[in-house]
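**Q** this is a predicted model, with the sequence first.
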Amino acid sequence: MNLEVGRVRRAVGIKGQVVVRFYTDRAERREPGTVYETVTGPRALLEASARPDGDWTVRFEGVADRSGAEVLRGLLWAEPIVDPEELWVHELVGAMVVDSEGVERGRITEVHDGAASDLLVLDTGHLVPVTFVVEHEPGRVQVDVPEGLFDL
């Protein structure tokens, strides 16, 4: 399963470079040799170089001119990064949330960007800030929330 990691916004210059908005802060996503998939242009793209420029200016192997770059506009996908210390949205969705007393509080249906913290959206309608997650494993997320959070 590949994850959406960014979007090619537009071509820039005449040598095949594009402006990419990455949805991740992981440095691995911007290293030469990274492979992306897209539904526009070539199916698989190999990153040749990237440099920050507000968003990122990226050059892909085999894309040598502006017309080749212009067809790349759209979403970029890549393989998930394996890091057991991180919480990954694709692993959280569908997991059961359990409070510190072992009570099941609902399944995660979405993760929303919040101003102070990302929010776990439960099938019960409750919102739980990710900062309250104390433990996670496949299919289960334990939270330690302030008293009353689930009473609303």
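**A** Structure received. Numbering: from 1, shown residues only.
**Q** point out where this protein drops to low pLDDT.
**A** Scanning the chain with the threshold set as pLDDT under 70 gives 1, 41-42.
**Q** how is it partitioned into domains?
**A** 3-78, 89-151 (automatic domain parsing).
**Q** ok, which stretches of this protein are strands?
**A** 3-12, 17-22, 35-37, 44-53, 55-60, 74-78, 96-98, 104-112, 119-122, 127-129, 133-137, 140-143 (DSSP state E).
**Q** tilt between the fifth one and strand 3-12?
**A** Think strand 55-60. Interaxial angle, strand 55-60 versus strand 3-12 (axes from the mean of the first three to the mean of the last three C-alpha atoms, to 10 degrees): 90 degrees.
**Q** deepest of the domains of the chain, which one?
**A** domain 3-78 (a mean of 16; mean count of other C-beta atoms under 10 Å). (C-beta placed from N, C-alpha, C; glycine too.)
**Q** okay, and the beta partners of the spatially closest residue to Asp53 that is not a sequence neighbour?
**A** Spatial nearest neighbour of Asp53, chain neighbours left out: Val19 (7.4 Å); criterion: C-beta to C-beta, 6 or more residues apart in numbering. Beta bridges link Val19 to Arg10, Thr57 when assigned by DSSP bridges.
**Q** quick one, what contacts Val19?
**A** The neighbours of Val19, taking C-beta atoms under 8 Å, 6 or more residues apart in numbering as the test, are 8-12, 53, 55-58.
**Q** between the strands of the chain, which gets nearest to Phe150?
**A** Of all those, strand 104-112 sits nearest to Phe150, with 5.8 Å by C-beta to C-beta.
**Q** other SSEs contacting that closest one?
**A** helix 89-92, strand 96-98, strand 119-122 (3 or more C-beta pairs under 8 Å, 6 or more residues apart in numbering; DSSP states H and E).
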